[in-house]
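Participant: Quick one: sequence and predicted model below, then my questions.
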Amino acid sequence: MPLFRGQNGEVSQDDDDKTTRKLDRSPPSVPANDDMDFNLEEDPDTDLIHGSEPLPPINTTPVNGITPDISEDPKTRVIWDDNKKTSLWKNNKNTPDTPTEKIEPTPAPVQTAKDTMSDPVVGWVVVIDGPGKGSAMRLGYGMNSIGRANSERVCINFGDENISRTAHAVITYDPRGRKFYIQSGGNAMNLTYLAEQPVLTPTELNGLEEIVLGETKLRFVPFCGENFDWQDIN
């Protein structure tokens, strides 16, 4: 006999056969297996559904003077933008909100008039050729010993080892006579030359002469002399 399926899942024969069978629509049973474990509560790798876990405490520590406002929504997280460029501080008087931190410059050492006049300048020697070209060294009252040592009153230490360490030459200014003199030093192995001639005895300097020590050529520039001396100023 042909079978017919009804809307309710019932299968029946035609009118001649009144026997009716109901289909079993229950899911198939799963066979027992000792290796299968469906206890999710004991599985540490099981991810909890988002929202079921407790939220961590909110950090309300002020950042840059701003305290996060969490009064409206306790779940809100304040995110700070770390990619913002740092603002450069500018001293703009038209912006009152600009930081007013003032950096004091380091003051330069100041010489008092008393310290300056204890050894006033009376002239200079200027390197015009050789190591240290362009440098100028001051001359003072009395005897000015010239050498490479730092202890010399006129230190010329620019790499010319032909200059003696101490007393290669001496330039003297006589305040009474208002005149300059040059002579070789007592410790010099190399000679001192003035206008291409060796200085063997004290020789008067008039100004703008060329003096040669080793490989270094100097120009003598007087400041004091017949027309001016610091003693003329009260």
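Facilitator: Thanks, I have the structure now. These numbers come from a predicted model, not from an experiment. Numbering: from 1, shown residues only.
Participant: From now on I want contacts and neighbour counts done on CA atoms only, so please keep to that.
Facilitator: OK.
Participant: Quickly list what K179 is bridged to.
Facilitator: Taking DSSP bridges, one obtains D174 as the residues bridged to K179.
Participant: Report whether T116 is found in a helix, as I expect.
Facilitator: Yes - applying DSSP: H, G, I helix; E, B strand; the rest coil, one finds T116 inside a helix.
Participant: how many other residues sit next to it?
Facilitator: The number of residues packed near T116 is 10, by other Cα atoms under 10 Å.
Participant: where exactly do the strands run in this structure?
Facilitator: With DSSP state E as the criterion, the chain has strands at 4-5, 10-12, 20-22, 123-129, 136-139, 142-147, 154-155, 169-174, 179-184, 192-194, 197-198, 203-205, 210-213, 216-222.
Participant: Of all those strands, which one comes closest to P62?
Facilitator: When the strands of the chain are compared for distance to P62 using Cα to Cα, the nearest one is strand 136-139, at 59.8 Å.
Participant: I'd like the strands of the chain as a markdown table, with mean pLDDT and mean neighbour count appended.
Facilitator: A markdown table is the format used below for the strands of the chain (pLDDT from 0 to 100; neighbours: other Cα atoms under 10 Å):
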| stretch | mean pLDDT | mean neighbour count |
| --- | --- | --- |
| strand 4-5 | 54 | 11 |
| strand 10-12 | 53 | 16 |
| strand 20-22 | 57 | 11 |
| strand 123-129 | 98 | 19 |
| strand 136-139 | 98 | 19 |
| strand 142-147 | 97 | 20 |
| strand 154-155 | 98 | 22 |
| strand 169-174 | 98 | 22 |
| strand 179-184 | 98 | 21 |
| strand 192-194 | 97 | 20 |
| strand 197-198 | 96 | 12 |
| strand 203-205 | 98 | 15 |
| strand 210-213 | 98 | 22 |
| strand 216-222 | 98 | 20 |
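Participant: how about TSV for those, with distance to M117 added?
Facilitator: Shown next, in TSV, are the strands of the chain (distance: least, Cα to Cα, whole Å):
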stretch	distance to M117
strand 4-5	128
strand 10-12	128
strand 20-22	128
strand 123-129	14
strand 136-139	13
strand 142-147	14
strand 154-155	18
strand 169-174	16
strand 179-184	19
strand 192-194	30
strand 197-198	34
strand 203-205	24
strand 210-213	28
strand 216-222	18
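Participant: Of those strands, which is nearest N162?
Facilitator: N162 sits nearest to strand 210-213 of all those, at 7.5 Å, using Cα to Cα.
Participant: now what about the closest one, what contacts it?
Facilitator: Residues outside strand 210-213 that contact it (Cα atoms under 8 Å, 6 or more residues apart in numbering): 162-163, 168, 190-196, 217-220.
Participant: Partner strands of it and their direction?
Facilitator: Based on DSSP bridges, the pairing partners of strand 210-213 within the sheet are strand 192-194 (antiparallel), strand 216-222 (antiparallel).
Participant: Sounds good, over and out.
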